[in-house]
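1. Can you look at this prediction? I've put the sequence above it.
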Amino acid sequence: MSGEPAARCRRFGWLLWPLFLLPSLLAAQAGSDRIAYVDMQRLIDSAPQVVAARARLQAEFAERDRALDVDASRLAELDDRIRREADLMSADDARALRQEADALRSSIQRTRERLSQELNTRIDQELDKAWPDIESSVAEYAREAGYDLVVGSPVIYASGRIDITDRVLDRLRRGSAERP
């Protein structure tokens with residue numbers, strides 16, 4: 001019987017641990033600590049430096065995309081011709097046409113994969129270039145506004161009162177407009 005309270009304590013002790021944290025949480029809340037939240041994904045998606053980089057990348061890859069579209073149209077024509085005329089051609093001509101279509105299909109697939117990898121690499125490079133500006137804008141705003149801690153996303157919950165994302169975006173826009 002004497003071991004029963006100790007076993008109960010071990011079994012339900014995990015319920016008591018929040019009570020031990022309560023005094024420190026109340027002290028932190030009562031202090032002048034200021035906490036802010038910033039939606040990092042929104043900053044990355046909306047920062048003018050990133051938006052400008054996205055436009056540059058779109059222009060950089062536009063010509064290659066057009067060439068790929070031309071090849072895809074040519075493949076569609078070959079596939080259509082195979083469906084319409086394969087039965088009317090000699091076996092060798094039909095086989096040659098199918099081989100040409102298969103080779104073009106493989107080429108298009110390889111090109112798409114290569115362009116996708118190149119685009120992802122370029123996106124990473126552009127984000128690496130923009131990241132210091134984004135990070136310093138968050139830190140500068142937090143220091144100027146007197147925040148002690150800025151928490152980035154993802155978080156489970158953040159009140160709109162502590163969300164500084166729009167203010168940091170405004171700072172990034174001003175900084176971008178000041179640069180040539």
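-> Alright, I've got the coordinates.
2. element containing the residue nearest in space to the middle of the chain?
-> The centre of the chain sits closest to residue 41, judged by C-alpha atoms, centre = their mean, with a distance of 6.5 Å. Under the criterion of DSSP states H and E, residue 41 resides in helix 40-46.
3. Sketch out the strands for the chain, chain order is fine.
-> 35-38, 149-152 (DSSP state E).
4. tell me how far the first one is from the chain's mean position?
-> Spelled out, that is strand 35-38. Offset of strand 35-38 from its chain centre (C-alpha atoms, centre = their mean, to the nearest Å): 20 Å.
5. got the strands of the chain as TSV, with mean neighbour count columns?
-> (Glycine included, C-beta is placed from N, CA and C.) As requested, these are exported to TSV (neighbours: other C-beta atoms under 10 Å):
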stretch	mean neighbour count
strand 35-38	21
strand 149-152	15
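6. Could you export those strands as TSV, including distance to residue 93 and mean pLDDT?
-> What follows is the strands of the chain, written out as TSV (distance: least, C-beta to C-beta, whole Å; pLDDT from 0 to 100):
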stretch	distance to residue 93	mean pLDDT
strand 35-38	64	94
strand 149-152	62	93
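7. By mean pLDDT, flag the weakest helix or strand of this structure.
-> Using mean pLDDT, DSSP states H and E, the weakest-scoring helix or strand in the chain turns out to be helix 17-30, at a mean of 46.
8. and the longest helix for this protein?
-> helix 91-145 (DSSP state H).
9. So for it, mean pLDDT?
-> Across helix 91-145, pLDDT averages out at 94.
10. which helices and strands sit right next to it?
-> strand 35-38, helix 40-46, helix 48-85, strand 149-152, helix 165-178 (3 or more C-beta pairs under 8 Å, 6 or more residues apart in numbering; DSSP states H and E).
11. Most tightly packed of those?
-> strand 35-38 (a mean of 21; mean count of other C-beta atoms under 10 Å).
12. Run through who's touching that strand.
-> Residues from elsewhere that reach strand 35-38 (C-beta atoms under 8 Å, 6 or more residues apart in numbering): 138, 142, 145, 147-153, 155, 158-159, 162-165, 168.
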